[in-house]
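Novice: kindly generate the corresponding structure for this input.
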Amino acid sequence: MNHVVLIGRLVRDPELKFIPTTGMAVTNFTLAVDKDLFGDKKQEAVNQGKPTANFIYITVFGKSAENCANYLNKGNKCAVHGRITTSSYEKDGAKQYKTGVTADRVEFLEGKKNDSDVDNDIFTPIGDDEEIPF
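Specialist: Residues are numbered from 1 along each chain as shown. Model (predicted):
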């Protein structure tokens with residue numbers, strides 16, 4: 001069984017491309033997934049300059065790819081459901097290998113944030129505790 005579920009934050013904005021022969025949308029992005037480090041172990045890793053996250057290359061196809069490109073951006077949190085994929089290519093005469101995740105489903109845990117989307121007037125301050133009805 002090859003099934004992966006990851007939750008993390010986008011390292012940079014997603015890149016949307018289209019396959020020339022079919023016109024199918026393909027979006028790629030890198031997801032930073034925290035390692036299971038807490039307290040002293042996390043601080044020790046930070047002090048030694050070691051990464052506290054794994055950086056996973058994600059590929060999404062079709063309508064999901066278009067949605068990811070339109071509604072996700074750098075720093076957004078999302079969940080990815082998919083499968084591990086590997087590929088190889090030659091660079092400077094040496095064979096290189098690449099491991100990533102092909103997503104079957106991406107869940108947006110935070111939406112795209114714009115200053116125009118924020119409504120600062122939705123909450124009305126109530127004053128002191130005597131005005132609270134309970």
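Novice: quick check: mean pLDDT of stretch 7-19?
Specialist: Averaging pLDDT along stretch 7-19 gives 95.
Novice: now do it: distance to the chain's middle.
Specialist: 7 Å (Cα atoms, centre = their mean, to the nearest Å).
Novice: buried residues, that stretch. List them.
Specialist: Along stretch 7-19, these residues count as buried under the neighbour rule (16 or more other Cβ atoms under 10 Å): 8-10, 14, 16. (C-beta placed from N, C-alpha, C; glycine too.)
Novice: quick one: contacts of that stretch?
Specialist: Under the contact criterion Cβ atoms under 8 Å, 6 or more residues apart in numbering, stretch 7-19 has outside partners 24-34, 53, 55-56, 65-66, 68-69, 72-80, 109.
Novice: what of stretch 72-89?
Specialist: 2-14, 29, 31, 56, 58-59, 95-113.
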